[in-house]
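> Generate a structure from the sequence data that follows.
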Amino acid sequence: MQGNRIVWRLADLILLRAECRAQLGMPEAVQDLNRIRERAGLLDYKGSLKKKDLLKEIFRERERELFGEGQRYYDIVRNGYFRDILLGNYKTLTDKDVKDGALYLPVNHNAFLNNSLMTQNIYWLWHQN
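Residues are numbered from 1 along each chain as shown. This is a model prediction of the structure:
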């Protein structure tokens, strides 16, 4: 393949930093969020500065900014929004299911042929032959 392949976009990194700063209660989170909004031609964020609300707005900005780039599922899982946003059996997963790896794909059977020391995700052990 000739040409450049984008692996990280600056907006992605800035919004991840905003998320980290919001988790830590740092006011700079809003500055990061507004930097991305300004570049997109949007007004500054004037909503609630409560941690939960700010994190949700950063998530929404990531949805808009990174649309179609394959980040959304991981953002949903990382932020714990899977029961609220995803459809189907995601709503019925217990906290133990999530801890055991239900939100991740099972390791492919062929991987175990190449490395006998590997183990399957706890949640998916029942699926292994």
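
> okay, which residue is most central for this structure?
residue 75 (1.6 Å; C-alpha atoms, centre = their mean).

> My read is that that one contacts residue 64, right?
No. The pair residue 75 and residue 64 fails to qualify as a contact (C-beta atoms under 8 Å) at a distance of 11.7 Å. Every C-beta, even on glycine, is put in place using the N, C-alpha and C of the backbone.

> The residue nearest to the centre of the chain and residue 6, how far apart?
For residue 75, the distance to residue 6 (C-beta to C-beta, to the nearest Å) stands at 18 Å.

> cool, residue 60 as well?
Using C-beta to C-beta, which is the criterion applied here, residue 60 is 22 Å from residue 6.

> same question, residue 31
As for residue 31, its distance to residue 6 is 24 Å (criterion: C-beta to C-beta).

> If you count surrounding residues, which of these two has more?
Ranked by neighbour count (other C-beta atoms under 10 Å), residue 31 and residue 6 place residue 31 first, with 15 against 7.

> after the one helix or strand that one maps to, next one along is what?
Per DSSP states H and E: residue 31 is located in helix 28-39. Toward the C-terminus, helix 28-39 is succeeded by helix 51-65 as the next helix or strand (DSSP H and E).
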